[in-house]
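Trainee: Model the following, please.
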Amino acid sequence: MANRQPGYIDGRRLRVGNIPTWGPVPNVLIPGTEEAYGIFEDFLSCEDLAAGGVTPTGRATWQFRFLTAGTIDQADEVGGAVVLAAPAADDRGAQIIMGSLAGGGIFFPLATKHIWFEARAKVTIETASAFNHFIGLIDPVDADILTTGGGGGAMPNQDIIGFFVWDGQVNWAFCGDESTTQTVLTLGAARVVDNDYHYFGFYVNGVTSVTCYYDREVVAAGALTGTNIPLTGLMPAFAVKSGNAAGLDSLTIDYVMCVQLR
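Mentor: Next comes the predicted model:
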């Protein structure tokens, strides 16, 4: 076990067996001859947040960023959770990018080096036509994850794999972006945005394909091909942004895990 501090296990080496929270999902067994590394963050504590959120303190690991008046707080929940909240102001919110901004990621989609991602999260929707959320992996750059003004034809950042929703959408969507090649896939009526906890997961099969899971079930509509798989280092990230002046939307994350074969 390496670099263990309150609230997370970083650099965990796994050999034989499976990834515990993904037991029901196919393809997560790590072959007995393989090793993996990964991140598991349970958000047991976030009291070390610095004012302004740009520079992490204490754990010195994750970058918490406020987008003008957004907040990031510890949830009052069993097992711990973190709440990213947008205030009643347009285009305001908060985001978390694990790792140093512009410092590069550790999860590189590579042939035979499969990646598994899962987060348990929920959203609070105060203004149904104006919420904006993101859950997934991105190239850790010093930029807003969600586009200003809400809905649009593309995510503002390059090199992304993840779930998102923007102004006016009813259902979750799934996005893959490799440099300037981006695909946005709506996941359909069975994946409606609501106020309950759900499991958001995906499996990156090298540089060949991405399989999307919602509540640990495969979503065929969320399948991505190699042209939409980023070829750079990625890190887990979350974001919420208000879409109008009445927005009080939030994103609560219970845990996130990301594991890749060595």
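Trainee: Any idea how far apart the tips of stretch 199-211 sit?
Mentor: Start and end residues of stretch 199-211 are separated by 14 Å (Cα to Cα, to the nearest Å).
Trainee: List the buried residues in that stretch.
Mentor: Using 16 or more other Cβ atoms under 10 Å as the test for burial, stretch 199-211 gives 199-205, 207, 210-211. No exception for glycine: its C-beta is placed from N, CA and C like everyone else's.
Trainee: for that stretch, what is the average pLDDT?
Mentor: Taken as a whole, stretch 199-211 has an average pLDDT of 93.
Trainee: So which of the buried residues of stretch 199-211 are in strands?
Mentor: With strands defined by DSSP state E, the entries of those inside them are 199-205, 210-211.
Trainee: Burial check on residue 249, number of neighbours?
Mentor: Counted with other Cβ atoms under 10 Å, residues neighbouring residue 249 total 25.
Trainee: how near is it to residue 74?
Mentor: In this view, residue 249 and residue 74 are 18 Å apart by Cβ to Cβ, to the nearest Å.
Trainee: before we move on, what about residue 259?
Mentor: If you measure residue 259 against residue 74 using Cβ to Cβ, the figure is 25 Å.
Trainee: Looking at the two, which one has more neighbours?
Mentor: In terms of neighbours (other Cβ under 10 Å), residue 259 is the more surrounded of residue 259 and residue 74; the figures are 21 against 15.
Trainee: how close does the closest residue in space to the more buried one that isn't next to it in sequence sit to residue 44?
Mentor: Taking Cβ to Cβ, 6 or more residues apart in numbering, and ignoring the residues beside it in sequence, residue 259 has residue 38 as its nearest neighbour in space, at 3.4 Å. For residue 38, the distance to residue 44 equals 17 Å [Cβ to Cβ].
Trainee: Columns distance to residue 148 on top of the buried residues of stretch 199-211, output as CSV?
Mentor: Putting the buried residues of stretch 199-211 into CSV (distance: Cβ to Cβ, whole Å) gives the following:
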residue, distance to residue 148
199, 29
200, 24
201, 28
202, 26
203, 32
204, 29
205, 34
207, 31
210, 27
211, 31
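Trainee: which two in those residues are spaced the farthest apart?
Mentor: 199 and 207 (24.8 Å; Cβ to Cβ).
Trainee: the longest strand in this protein is where?
Mentor: Per DSSP E, the chain has its longest strand at strand 250-261.
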